[in-house]
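**Student:** quick check, what structure comes out for this input:
(2 chains)
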Protein chains: 2
Amino acid sequence: MAWPKRVRITEVGPRDGFQSIEPWIDTGLKISSVRRLFDAGADAVEVCSFVSPRAIPQMRDAPEIAAALAGTEELERAVALVPNRKGAELAAGAGMKNIAVVISASADHNMSNVRKTPGQSLEELRGIRSWHPELNVKLDIATAFGCPFKGAVSLDEIRFVLEPALEMGIDDICLCDTIGVASPALVREVVGSLMERYSESGIDWAVHFHNTRGLAAANTVAALELGLDRFETAFAGLGGCPFAPGASGNMATEDLIYLLDELGIGHGLNLDKILELSESFVAATGCCRDSKIDRVTRNKVFKQEEK
Amino acid sequence: MAWPKRVRITEVGPRDGFQSIEPWIDTGLKISSVRRLFDAGADAVEVCSFVSPRAIPQMRDAPEIAAALAGTEELERAVALVPNRKGAELAAGAGMKNIAVVISASADHNMSNVRKTPGQSLEELRGIRSWHPELNVKLDIATAFGCPFKGAVSLDEIRFVLEPALEMGIDDICLCDTIGVASPALVREVVGSLMERYSESGIDWAVHFHNTRGLAAANTVAALELGLDRFETAFAGLGGCPFAPGASGNMATEDLIYLLDELGIGHGLNLDKILELSESFVAATGCCRDSKIDRVTRNKVFKQEEK
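**Tutor:** Residues are numbered from 1 along each chain as shown, chains lettered A, B, ... in the order given. Presented below is the predicted three-dimensional model:
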């Protein structure tokens, strides 16, 4: 029950959030959102995806977003998601240094997502490693807590993806609750088992929770209790997966900050700046905000004392 | 970390929920809602408040609701909230057998709520006990996790209300997070300390969480981990406190059921019936629903397996 003293937050709004928004978001607004997230203190930001513009039209300006980061200190902490080797080529060509490769533990979901078996996706990953050894790779294991098509996902299915990645020298691993079906019991079972089994492997674990069924905060506490200290969230609770029916928003970054503050756990993010970004982004785009923390509720936490 | 095998759920929608709804709710709809909640398996239902109709006009049909329960088996599990001795008189006169008396640990909130100090409210409680020894009394300690006016509330302030009640033989105690500022850390501190300190007192503890800042589920898990096994929630996440600025809905009963099901903890409630009630009530009244679990998300949890 020893919570970490400090956690790292990867902001995924510009990738996992924006990709699920259909109306076009101005490239300038995307770039300014990324800059504001770095300025607010995000440990890392997923800034775009190098995917087929036919599959996800919203991500078609990924090269421009990468170009806007060229030569900045933030580039070192900017991550581009890629579904395959071609995406990695494009990301490297655009000057990105960090990529996230997503492979689903569920073969059904991986097939729906990238039309490959997990084994074929692992071959892509091997290709990426040999052709672009200069890229830092995070492996996102999607549907680690359940799949929209097949239901429960076993530890063996996760390990089928995880172990070859470890052999390729990838120790930056994120377990993704793609459709928001994790519970505190399942977090203990899945994350707890994996952290224990691979305790000697030097894996830097992260988790990525969606709040579809209202348990993201409870799941976060369960992960913190296991000593996990890296979380992926999206400002304003944006997000979902365009290929996962029933998925809804990521855990909101502002809700995670509020929770961590209440638990006395450090994070380095400025809540005011995140709230300002969420408010202005939602106002500019008309997107839904799925967060319980806004300026009103935040200011009503005991702020009356100051009157 | 041993969760209880089974918990009891007190449904507070018809009281804590309805009282915060301004447009008049038809008495027949109130009565049918209460009946449906009992039919769905609620351990107890807070069915109304005997309060001044000027203070809370929505509760002015409390006698008719009590009359509808006369002679039924459900009356044994129906609770009426009362703020003072006059309310208790009215509840007893209307045939109610169980009352909830609410006293705030925060003097500021108690003054705002009933225009009495906590000490004066305790005197009312003493009067209720001596004039109506036949009534079963639950004590709701409001603002146990924080007050909208003064901020933090100390354990001593809670104990100032709790100990005289224990001396009056009241061991049915609910700690209420009136404005939704509890966190898992605060639950451990407040509930954990009190459960330990009064472990010999035979207190039947309950907690009452609001989801104002999104932590109700995480707080519920923290309470379960302490062995607490009685929770108050409202169908559709209705609720709030008309005298607590910034308060919003109770934890939704359907969200609690989903959480308990995922944790493998029994509760005796029928989720389908609660979802049907929430859907029809919201459709009939135009009230907002503040719940993450509805037929859609529930049915998407692994139900694809059945196809």
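**Student:** next, count neighbours for the nearest residue to A:Val7 once chain neighbours are set aside.
**Tutor:** Sequence neighbours aside, A:Asp229 is the residue nearest to A:Val7 in space, at 4.6 Å (criterion: Cβ to Cβ, 6 or more residues apart in numbering or on different chains). C-beta: built from backbone N, CA, C; applies to glycine. For A:Asp229, the neighbour count with other Cβ atoms under 10 Å in any protein chain shown is 18.
**Student:** hang on, A:Asp229 packs against A:Thr10?
**Tutor:** No: because the distance of 11.7 Å does not satisfy Cβ atoms under 8 Å, A:Asp229 is recorded as not touching A:Thr10.
**Student:** for the stretch 151-300 of chain A, what spans make up the strands?
**Tutor:** Remark: strands assigned in the stretch 151-300 of chain A by DSSP state E, counting those that start in this stretch are A:172-176, A:204-208, A:230-233.
**Student:** quick one: A:Ile274 and A:Ile257 touch, right?
**Tutor:** Yes: look at A:Ile274 against A:Ile257 with Cβ under 8 Å: they come within range, at 6.5 Å.
**Student:** more crowded one of those two?
**Tutor:** Neighbours of A:Ile274 and A:Ile257, each counted by other Cβ under 10 Å, are more numerous for A:Ile274; the result is 28 against 23.
**Student:** and that one, how close does it get to chain B?
**Tutor:** Distance, A:Ile274 to chain B, by Cβ to the nearest Cβ, to the nearest Å: 15 Å.
**Student:** hmm, back to that, state the distance from the residue nearest to A:Val7 to chain B.
**Tutor:** 17 Å.
**Student:** now that residue: how far from A:Pro4?
**Tutor:** 4 Å (Cβ to Cβ, to the nearest Å).
**Student:** if we can go back for a sec, could I get the strands of the stretch 151-300 of chain A as TSV with mean neighbour count and mean pLDDT?
**Tutor:** TSV is the format used below for those (neighbours: other Cβ atoms under 10 Å in any protein chain shown; pLDDT from 0 to 100):
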stretch	mean neighbour count	mean pLDDT
strand A:172-176	24	98
strand A:204-208	22	98
strand A:230-233	28	98
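**Student:** buried ones in whichever strand or helix holds A:Arg35, by neighbour count?
**Tutor:** Here A:Arg35 is covered by helix A:27-39, with elements defined by DSSP states H and E. For helix A:27-39, the neighbour count (16 or more other Cβ atoms under 10 Å in any protein chain shown) marks A:30-38 as buried.
**Student:** hmm, who's touching that helix?
**Tutor:** By Cβ atoms under 8 Å, 6 or more residues apart in numbering or on different chains, the surrounding residues in contact with helix A:27-39 are A:11, A:13-14, A:18, A:45, A:47-48, A:61, A:64-65, A:68-69, A:74, A:77-78, A:235, A:273-274, A:276-277, A:281, A:284-285.
**Student:** got a quick PyMOL command for the buried subset of these?
**Tutor:** Here is the PyMOL command that picks out the buried ones among these, judged by 16+ other Cβ under 10 Å:
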select buried, chain A and resi 11+13+14+18+45+47+48+61+65+68+69+74+77+78+235+273+274+277+281+285
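**Student:** what helix or strand is the nearest residue to A:Arg85 once chain neighbours are set aside on?
**Tutor:** Once flanking residues are discounted, A:Arg85 sits nearest to A:Gly127: 4.6 Å by Cβ to Cβ, 6+ apart. Applying DSSP H and E as the criterion places A:Gly127 in helix A:118-131.
**Student:** next helix or strand past that helix?
**Tutor:** Next along from helix A:118-131, by DSSP H and E: strand A:136-142.
**Student:** so which of the contacts of helix A:27-39 sit within helices?
**Tutor:** Those of the contacts of helix A:27-39 mapping onto helices are A:64-65, A:68-69, A:273-274, A:276-277, A:281, A:284-285, per DSSP state H.
**Student:** so where is the stretch 1-150 of chain A shaky, pLDDT-wise?
**Tutor:** A:1 (pLDDT under 70).
**Student:** which residue is the nearest non-sequential neighbour of whatever residue of it ends up closest to chain B?
**Tutor:** With Cβ to the nearest Cβ, the shortest gap between the stretch 1-150 of chain A and chain B falls at A:Phe149, namely 5.5 Å. Excluding the flanking residues, the one nearest A:Phe149 by Cβ to Cβ, 6+ apart is A:Asp108, at 3.9 Å.
**Student:** and A:Glu254, by the same measure?
**Tutor:** Nearest one to A:Glu254, counting by Cβ to Cβ, 6+ apart, is A:Ile293 at 4.4 Å.
**Student:** in this structure that neighbour contacts A:Tyr258, no?
**Tutor:** Yes: assessed by Cβ under 8 Å, A:Ile293 is found in contact with A:Tyr258 at 4.6 Å.
**Student:** A:Phe18 contacts A:Gln58, correct?
**Tutor:** Yes: with contact defined as Cβ under 8 Å, A:Phe18 counts as touching A:Gln58 (5.6 Å).
**Student:** quick check: pLDDT value at A:Ile158.
**Tutor:** Looking at A:Ile158, its pLDDT reads 98.
**Student:** for it, grab the count of nearby residues.
**Tutor:** 23.
**Student:** now swap in A:Gly119 and tell me
**Tutor:** 13.
**Student:** could you find the closest non-adjacent residue to it?
**Tutor:** A:Phe160 (8.0 Å).
**Student:** for the one you found, list the residues it contacts.
**Tutor:** So A:Phe160 contacts A:105, A:118-119 (Cβ under 8 Å, 6+ apart).
**Student:** hmm, back to that, nearest to B:Ala142 among the ones in helices among the contacts of helix A:27-39?
**Tutor:** A:Ile274 (31.5 Å; Cβ to Cβ).
**Student:** separation between that closest one and B:Asn110?
**Tutor:** 36 Å.
**Student:** circling back: correct me if wrong: the residue nearest to A:Arg85 contacts A:Lys86.
**Tutor:** No: counting by Cβ under 8 Å, A:Gly127 does not reach A:Lys86; the two are 9.9 Å apart.
**Student:** number of nearby residues for the nearest residue to A:Cys48 once chain neighbours are set aside?
**Tutor:** Using Cβ to Cβ, 6+ apart and skipping residues adjacent in sequence, the residue nearest A:Cys48 is A:Ala62, 3.9 Å away. Residues within reach of A:Ala62, counting by other Cβ under 10 Å, total 27.
**Student:** now that A:Ala62 has come up, it's in contact with A:Gly95, right?
**Tutor:** No: A:Ala62 lies out of contact with A:Gly95 (Cβ under 8 Å); the separation is 11.3 Å.
**Student:** bridging residues for A:Val207?
**Tutor:** A:Leu175, A:Phe231 (DSSP bridges).
**Student:** next up, the contacts around it.
**Tutor:** A:174-177, A:187, A:191, A:219-220, A:223, A:228, A:230-232 are the contacts of A:Val207 under Cβ under 8 Å, 6+ apart.
**Student:** just A:Pro83 next, same as before
**Tutor:** A:Pro83 neighbours (Cβ under 8 Å, 6+ apart): A:49, A:51, A:101-102, A:113-114.
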